[in-house]
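# Got a predicted model here, sequence first, then my questions.
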Amino acid sequence: MGNLLYIVAVILIIAWLIGWAGFHAGGLIHILLVIAIIAVILRVIQGKSL
């Protein structure tokens with residue numbers, strides 16, 4: 001489950017970068033970034049290395 005969480009976080013960060021760089025999809029991209037950051041923070045808090 002933790003590995004899946006990390007994969008989702010990476011995908012969301014990539015989606016945010018694509019949106020930020022080219023498409024400017026508004027608030028949706030920033031919401032995705034926040035979700036990705038929360039997923040990474042939860043993984044760090046659980047004590048698993050990235």
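Great, that's in hand. Residues are numbered from 1 along each chain as shown.
# what sits up against stretch 8-24?
Residues from elsewhere that reach stretch 8-24, judged by Cβ atoms under 8 Å, 6 or more residues apart in numbering: 25, 28-30, 32-33, 35-37, 39-40, 43. The way it works is simple: take the backbone N, C-alpha and C, and place the C-beta from them, glycine included.
# Sort out for me which of these are in strands.
Judged by DSSP state E, those include no members of strands.
# contacting residues around the residue positioned nearest the centre of the chain?
Geometric centre of the chain, nearest residue: residue 36, 2.1 Å, by Cα atoms, centre = their mean. Residue 36 sits next to 8-10, 12-13, 16 when contact means Cβ under 8 Å, 6+ apart.
# Narrow the residues you listed to those that are buried.
9, 12-13, 16 (16 or more other Cβ atoms under 10 Å).
# Please list the members of these that lie in strands.
Using DSSP E, none of those sit in strands.
# tell me which of the residues you listed is nearest to residue 3?
Nearest to residue 3 among the buried ones among the contacts of residue 36 is residue 9, at 10.7 Å by Cβ to Cβ.
# Read off the pLDDT value for that closest one.
Per-residue pLDDT puts residue 9 at 83.
# Not counting its neighbours along the chain, what's nearest it?
The shortest distance from residue 9 to any non-neighbouring residue, by Cβ to Cβ, 6 or more residues apart in numbering, is to residue 39 (3.8 Å).
# what about the one you found, how many residues close to it?
20 (other Cβ atoms under 10 Å).
# what's the answer for residue 45, then?
Count around residue 45 with other Cβ under 10 Å applied: 8.
# got a list of what it touches?
Residue 45 touches nothing, counting by Cβ under 8 Å, 6+ apart.
# per-residue pLDDT, it?
For residue 45, pLDDT reads 86.
# Could you do residue 12 as well?
84.
# repeat for residue 25
So, for residue 25, pLDDT stands at 54.
# Please apply the same query to residue 16.
So, for residue 16, pLDDT stands at 76.
# And for residue 16, nearest residue in space, chain neighbours not counted?
Closest residue to residue 16 apart from its sequence neighbours, by Cβ to Cβ, 6+ apart: residue 33 at 4.2 Å.
# Run a quick neighbour tally on the one you found.
Residues contacting residue 33 under the criterion other Cβ under 10 Å number 17.
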